[in-house]
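K.L.:
Model the following, please.
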Amino acid sequence: MRKELTELEQCVVGVVWRDGPMTAYEIALMFSTSLSSYWSGSAGAIYPLVERLRKRGLLQASKGTKGRTRRTLFTTTPRGVEALRSWISPPLPPIAGAPSFDPIRTRLFFIEVLPKSQRAAFLDEAEQVIRGQLAAVKERRLLNIGSGQFTESLGDLGATYELQARLRWLRDVRKLLA
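P.N.:
As a prediction, the model looks like this:
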């Protein structure tokens, strides 16, 4: 089952297991507020994905109401829990340890297209953007700790270290390009 599901599908099963029962809208909202650009929280991605997971027997749907609104609530099935355990258990695929998507690193492959006078401006802007993201991650981590979201704060800690490493890397890049 592990090879059949995408990271996003597995993560949705995990979110529903941890935070459910929840609607597809609540799932989409959670992903749309992620600090990572990797996750798509668009309704066009989440709603069909949730339906696929339901058809595969990993999520189950039940009708409920909140106020006057009828809602479809999703929970994780025993099969979904087993898929989640399988996804988290070793062995991890090599892609799990791969470098994260980094648009700044991608742009650096082509930095020589810029005149030398503009390269420093690019690096200044890159550092500023990363520092802004770092501040947002640190703030979110404090909020998650304060609200008892321990596992969320662990992810935020990983993002903090990743962004701090990017800043150190950019300092080295600046020296090498000087």
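K.L.:
now the helices for the protein?
P.N.:
Ranges of helices within the chain are 7-19, 24-32, 43-55, 78-88, 103-108, 116-146, 150-177, based on DSSP state H.
K.L.:
quick one: low-confidence parts of the chain?
P.N.:
Regions of the chain meeting the criterion pLDDT under 70 cover residues 1-3, 40.
K.L.:
Break it down into its domains, please.
P.N.:
Residue ranges for each domain of the chain read 2-97, 103-177, as given by automatic domain parsing.
K.L.:
Mean neighbour count for the ones you listed - can I get that in CSV?
P.N.:
C-beta coordinates here come from the backbone N, C-alpha and C atoms, glycine included. Formatted as CSV, these follow (neighbours: other C-beta atoms under 10 Å):
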stretch, mean neighbour count
domain 2-97, 15
domain 103-177, 14
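K.L.:
hmm, back to that, residue 65 is nearest to which of the helices of the chain?
P.N.:
The closest approach between residue 65 and any of the helices of the chain, judged by C-beta to C-beta, belongs to helix 24-32 at 14.6 Å.
K.L.:
Could you name the helices and strands sitting against that closest one?
P.N.:
Where contact means 3 or more C-beta pairs under 8 Å, 6 or more residues apart in numbering; DSSP states H and E, helix 24-32 is packed against helix 7-19, helix 43-55, strand 69-76.
K.L.:
how about those in JSON lines, adding distance to residue 146?
P.N.:
Shown next, in JSON lines, are the helices and strands packed on helix 24-32 (distance: least, C-beta to C-beta, whole Å):
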{"stretch": "helix 7-19", "distance to residue 146": "17"}
{"stretch": "helix 43-55", "distance to residue 146": "27"}
{"stretch": "strand 69-76", "distance to residue 146": "27"}
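K.L.:
right, and those - which one's nearest residue 124?
P.N.:
Closest to residue 124 of the helices and strands packed on helix 24-32, according to C-beta to C-beta: helix 7-19, at 33.3 Å.
K.L.:
Residue 163 contacts residue 130, correct?
P.N.:
Yes. Counting by C-beta atoms under 8 Å, residue 163 does reach residue 130; the two are 5.6 Å apart.
K.L.:
Which residue, other than its chain neighbours, is closest to residue 145?
P.N.:
Leaving aside its sequence neighbours, residue 145 sits nearest to residue 153 (C-beta to C-beta, 6 or more residues apart in numbering; 4.8 Å).
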